[in-house]
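**Student:** just a sequence and a predicted model for now, questions to come.
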Amino acid sequence: MIKFLAKGLFRDRSRSLLPILIIAVGVTITVLMYSWLMGFSVMFIEENARFDTGHVKIVTRAYNALIDQKPYDLGLLNVNEKIKTLSSEHPEVHWQPRIYFGGLLDLPDEDGETLSQGEVIGFGVDLFSDPFESELLNLQETLTKGSLPKKKGEILISEEVADKLGIGIDDLVTLIGSTMYGSMAMSNFTVKGMVRFGVQAMDRGAVIVDISDTRSFLDMEDSASEILGFLPKYNEKITFEISDTFNAEFNDENDEFSDIMTPLRKQSNMEFMLQSMDQRLGSFIFVFIFIMSLILWNSGLMNGIRRYGEIGVRLAIGESKGHIYRSLIVESILIGIAATILGTAIGLGLSYLLQYNGFDISSFMKNSDIIMGATMRAQVTPVSYYIGFIPGVLASVIGALFSGIGIYKRNTAQLFKELET
Amino acid sequence: MKKLITFTFIIFCSMVYAEYPDGNEILRQIDANMYAKSMISSSQMIVHGRRGSRTMKLKSWTEGDDRSFSEYLAPPKDAGTKMLKLEDKLWIYNPSADRTIQISGHMLRQSMMGSDISYEDMMEENELIEVYSAVTTGEEIVNDVSCWRLELTAITDDVPYRTKKVWIDKKKLIALKEERYGRSGKLLKTTEIHEVMQIDERWYPKRMIFKDVLKKGKGTEFIIDEIQFEADIPDSRFSKAALRK
């Protein structure tokens, strides 16, 4: 029967082409929208991870209590040894020390007197020994002038800071801050490049210095504010497992300078933000699929109603109502499956295109305080492969189920009246 | 009736405070004891932080209220750092960067070399009677010493602390304990003098502990090893050129 119905549908394009096209478009939009929203979720996590949280983060308990202030004087000691141990215990994780500091950037005049001065937020990251951080922070892409620092004593500053203080490439500037022990710290740097992250929170006053220079500037030899851990791909379960194992061994409630590891989800207000984002995305996906289902259900309904004349003739020549009803359902299943496969294939193709090429949203992010990248990407997940079947097959079959009920109300006498007209 | 109660209260307070010496007179005596036209001192500053203690050695030259110069001698990381105060301006010279920076605005409220003392505190060298009006509010025993308790209220606007409570040694006329309050009335800093020394006719603090109550840690100990009053200091000492020497 299925083969017979399939042949009928294939040969009579008026019964199959339009429904398949309508359902396929609906499924394509569903798959694309779902993958796009998943991409937003992954992007939110990854952007926060690379700039701030890592997939896991190690700090001292004292630092953790004041983590919003980034108090590097309460930072980690013996960092090299710690990273060595962590790397042997968790070789799949890339461990990266960072120092965050606040200070003043001072541009001197010819006599060494202050010409201009402004507050900056400093990032001490490994720029020389490992390309990981440069790639993670997309420094090459964010560079607007000059080049990346290649040797000690060189600094990257945000374009906005440079414009505000009148700093040019190769200018000598002085960073002023406090050492880890509170003494006044001053160090001279040559400005090698200017960056624009497209995020106001960063562009307002960021300076990027190699971690070895930062350590010597802040008297923080073998120390760091934080050690961030990055998995090859974010996996919440693994981050919790690694953190639990680490904390069982090193976290001591009685020692404020013992180390504590926190998975991304548990850091600052990430738990709340991710939860609320999951809820919003979930509601959005539900509402979208519901609306799409209504449309495709209606399409199934219309498809059934459109064939009332044909059904009447089939009843008149003696076909049973149950047989017609069942054949209508099987046809809708066949159309639904064919259209969903087509729609999912197109949706996945477009999603993969957006996953690898992304979509530039920098013009929308100019005044944003949220740490987000300038390129939005879709993310194809296993769910992307079957989410289209909900509106594609289920909704159109349910539409046929309802419209088919009309078959049982069909009256032969009424049919002949219709045929006469 | 209200007026009668207020009047009675004022009379009662006057009678109570009348038993104590005039606060402003005590301030004048403190100023006479503490302030010299010039002085040269060698001292140690021990910062008891959350991660241990750190000792810095410094030498200071002071002339009147307006001019002072300090040079850090130890530890090696801080050695060569110099500070110059001229009236209400403060410059810091850092030898590693070979730069002189003027500290101004909110930077003055920052901790000086990681201690519990701010740059603003360091610049507060005026005679007390010039900036505060005092009322003697009682007497108390501080570290087994009988003291007058004074409440000081600022009479000028440009002071870092609106009010202060000080406990003055009745005999040596030196503040053994001090509490400094912000504009909101919140306690910000405390100072306790644990040892005093006599130089000629003067009594002067030898060992004191400053504590920024908003900061964790055990405070900053300040020990004066040597002090010379009415010393001759050349004008060149208080110049920006001296910072780079």
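**Tutor:** Yep, that arrived.
**Student:** rest of the way, CA atoms for contacts and neighbours
**Tutor:** Noted.
**Student:** got the CA positions of stretch B:116-126 in PDB?
**Tutor:** Extracted C-alpha coordinates of stretch B:116-126, given in PDB (Å, rounded to 0.1, in the frame of the first residue of the first chain):
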ATOM      1  CA  ASP B 116      48.000  51.500  56.000                       C
ATOM      2  CA  ILE B 117      49.000  55.100  55.400                       C
ATOM      3  CA  SER B 118      47.700  56.900  52.400                       C
ATOM      4  CA  TYR B 119      49.600  59.600  50.500                       C
ATOM      5  CA  GLU B 120      47.000  62.000  51.900                       C
ATOM      6  CA  ASP B 121      47.800  60.900  55.400                       C
ATOM      7  CA  MET B 122      51.500  61.500  54.700                       C
ATOM      8  CA  MET B 123      50.700  65.000  53.500                       C
ATOM      9  CA  GLU B 124      48.700  65.900  56.600                       C
ATOM     10  CA  GLU B 125      51.500  67.800  58.400                       C
ATOM     11  CA  ASN B 126      49.700  71.000  59.400                       C
END
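**Student:** pull the residues that contact it.
**Tutor:** B:47, B:65-66, B:85, B:88, B:108-112, B:160, B:210-212, B:215, B:219-220 (Cα atoms under 8 Å, 6 or more residues apart in numbering or on different chains).
**Student:** quick one: stretch B:43-61 to chain centroid distance?
**Tutor:** On the basis of Cα atoms, centre = their mean, to the nearest Å, stretch B:43-61 sits 16 Å off its chain's mean C-alpha point.
**Student:** same check on stretch A:340-356?
**Tutor:** A distance of 18 Å separates the centroid of the chain from that of stretch A:340-356, by Cα atoms, centre = their mean.
**Student:** where does the chain dip in pLDDT?
**Tutor:** Using chain A here. A:1-2, A:4-6, A:8-10, A:13-15, A:296-297, A:299-301, A:303-306, A:361-374, A:406-421 (pLDDT under 70).
**Student:** the intended chain is chain B.
**Tutor:** For chain B, the ranges with pLDDT under 70 are B:1-18.
**Student:** picking that back up, inside strands: which ones of the contacts of stretch B:116-126?
**Tutor:** B:V47, B:K85, B:F210, B:K211, B:D212, B:G219, B:T220 (DSSP state E).
**Student:** scan the residues you listed and report the most crowded one.
**Tutor:** Of all these, the most densely surrounded is B:V47 (26 neighbours; neighbours counted as other Cα atoms under 10 Å in any protein chain shown).
**Student:** next, the contact list for that residue, please.
**Tutor:** Neighbouring residues of B:V47 by Cα under 8 Å, 6+ apart: B:S53, B:R54, B:T55, B:G114, B:S115, B:D116, B:G219, B:T220, B:E221.
**Student:** next helix or strand past the host helix or strand of A:I291?
**Tutor:** Taking DSSP states H and E as the criterion, A:I291 maps to helix A:270-306. Moving toward the C-terminus from helix A:270-306, the next helix or strand (DSSP H and E) is helix A:308-316.
**Student:** contact partners for residue 217?
**Tutor:** Defaulting to chain A. By Cα under 8 Å, 6+ apart, the contact list for A:F217 reads A:T179, A:A185, A:M186, A:S187.
**Student:** wait, chain B
**Tutor:** B:H48, B:G49, B:R50 are the contacts of B:G217 under Cα under 8 Å, 6+ apart.
**Student:** turn those into a markdown table, columns for distance to chain A.
**Tutor:** Formatted as a markdown table, the contacts of B:G217 follow (distance: Cα to the nearest Cα, whole Å):
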| residue | distance to chain A |
| --- | --- |
| B:H48 | 10 |
| B:G49 | 8 |
| B:R50 | 8 |
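**Student:** now, which of the residues you listed sits nearest A:D68?
**Tutor:** B:R50 (18.8 Å; Cα to Cα).
**Student:** residues near that closest one, how many?
**Tutor:** 17.
**Student:** element containing residue 83?
**Tutor:** Unless you meant another one, I'm taking chain A. helix A:79-89.
**Student:** switch to chain B, please.
**Tutor:** B:M83 belongs to strand B:82-86, assigned by DSSP H and E.
**Student:** quick one: strands adjacent to that strand?
**Tutor:** Here strand B:82-86 has these sheet partners by DSSP bridges: strand B:67-74 (antiparallel), strand B:89-94 (antiparallel).
**Student:** residues in contact with that strand?
**Tutor:** B:66-72, B:90-94, B:123, B:238-240, B:243.
**Student:** apart from its neighbours in sequence, what residue is nearest the residue in the stretch 251-400 of chain A that chain B sits nearest to?
**Tutor:** Taking Cα to the nearest Cα, chain B has its nearest neighbour within the stretch 251-400 of chain A at A:F257, 8.7 Å off. Of all residues not flanking A:F257 in the chain, A:T60 sits nearest, at 5.1 Å (Cα to Cα, 6 or more residues apart in numbering or on different chains).
**Student:** with B:S236 instead?
**Tutor:** B:A242 is the one closest to B:S236 (Cα to Cα, 6+ apart), at 6.8 Å.
**Student:** report the buried residues of the host helix or strand of the one you found.
**Tutor:** In this assignment (DSSP H and E), B:A242 forms part of helix B:240-244. For helix B:240-244, burial by neighbour count (16 or more other Cα atoms under 10 Å in any protein chain shown) applies to B:K240, B:L243.
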